[in-house]
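A.B. asks: Attaching a predicted model along with its sequence, questions to come.
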Amino acid sequence: MDMTGKTIMITGASRGIGAAAARVFVEAGANVALLARSQSALAELAGELGDKALAIPCDVTRYEEMAAAVEATQDAFGGLDVLINNAGVIDPISLLGEANPADWAKAIDINVTGVFNGMRAALPVMKSQGGGSVLTISSGAAHGPVEAWSHYCASKAAANMLTQCLHHEEGGHGIRAIGLSPGTVATDMQRDIKDSGVNPVSQLDWDVHIPADWPARALLWMCGPEADRFLGDEISLRDENIRKAVGLI
């Protein structure tokens, strides 16, 4: 899919799905704004990708930083066509009755408020251009409880509802809102889950996890008209038909 001239903003871009998506979109011809808190990792990735990439250190929980990142992206590339809400955390993995309240709230702030801040900052720009796509990383955890993941399940369910609300309010104004549930992915987050030893997900063999470029390629596919049937909804990479459509099988 040709994305030449398009500009993509990716939160949590320093590693995992975010970094893989940056590579996939640049390969497709797009400009990418890379957002994360890790300045050194961002700079390294931007250096790898060249002049189509802009590194923007940013804390997604702070709206003023997200708004400034959108402005910097406009200044550098002239607009914003796609926002990928990828930033998220699984820590602290803890039973609800033993969870540290401050750490629990911090996870909610990143996984929920961070998604809202991205949507809120990008919307005025996208609407002024006549539309855009907002793609948010969801999870199977949004739809059912998982032991010691109360923060993650609750936050991903909230992020899924934000996607539905955005579609409900702005779908008629050219805003394409879709979620992506990638399944289990071979990233650092999955290593943290493995190390916790808690719940069945941590017991999975490493070779069952999909590579990070699979959801990255799915995100690229979601920018096209084939994905329009999922507007306001969620795509799951556990679905073999979706994998075929994306070209992963």
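C.D. replies: Okay, I see it.

A.B. asks: going forward, measure contacts between C-alpha atoms and count neighbours the same way
C.D. replies: OK.

A.B. asks: any idea which residue sits dead centre in the protein?
C.D. replies: Centroid-nearest residue in the chain: Asn86, 1.9 Å away (criterion: C-alpha atoms, centre = their mean).

A.B. asks: what about that one, distance to Gly97?
C.D. replies: 28 Å (C-alpha to C-alpha, to the nearest Å).

A.B. asks: rewinding a little: what sits against the residue nearest to the centre of the chain?
C.D. replies: Going by C-alpha atoms under 8 Å, 6 or more residues apart in numbering, Asn86 touches 10-13, 17-18, 136-137.

A.B. asks: And the pLDDT at it?
C.D. replies: pLDDT for Asn86: 96.

A.B. asks: how many other residues sit next to Gly78?
C.D. replies: For Gly78, the count of nearby residues is 13 (other C-alpha atoms under 10 Å).

A.B. asks: Also the one 10 residues further on?
C.D. replies: When neighbours are defined as other C-alpha under 10 Å, Gly88 has 23 of them.

A.B. asks: and the residue lying closest to it once chain neighbours are set aside, which of the three is it?
C.D. replies: In space, Gly88 comes closest to Asn111 once its chain neighbours are excluded; the distance is 5.0 Å by C-alpha to C-alpha, 6 or more residues apart in numbering. In the three-state summary, Asn111 is assigned as helix, counting by DSSP: H, G, I helix; E, B strand; the rest coil.

A.B. asks: buried set for the worst-scoring helix or strand of the chain on mean pLDDT?
C.D. replies: One helix or strand of the chain scores below all others by mean pLDDT, DSSP states H and E: helix 188-196, with a mean of 75. For helix 188-196, the neighbour count (16 or more other C-alpha atoms under 10 Å) marks 189-190, 193-194, 196 as buried.

A.B. asks: I'd like those as CSV, with distance to Phe116 appended.
C.D. replies: Putting these into CSV (distance: C-alpha to C-alpha, whole Å) gives the following:
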residue, distance to Phe116
Met189, 22
Gln190, 25
Ile193, 25
Lys194, 29
Ser196, 29
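
A.B. asks: where does stretch 144-154 sit relative to the chain's centre, distance-wise?
C.D. replies: 18 Å (C-alpha atoms, centre = their mean, to the nearest Å).

A.B. asks: actually stretch 230-249, not the one I typed
C.D. replies: Centre-to-centre, stretch 230-249 and its host chain are 16 Å apart (C-alpha atoms, centre = their mean).

A.B. asks: got the end-to-end distance for it?
C.D. replies: 20 Å.

A.B. asks: All set, thanks.
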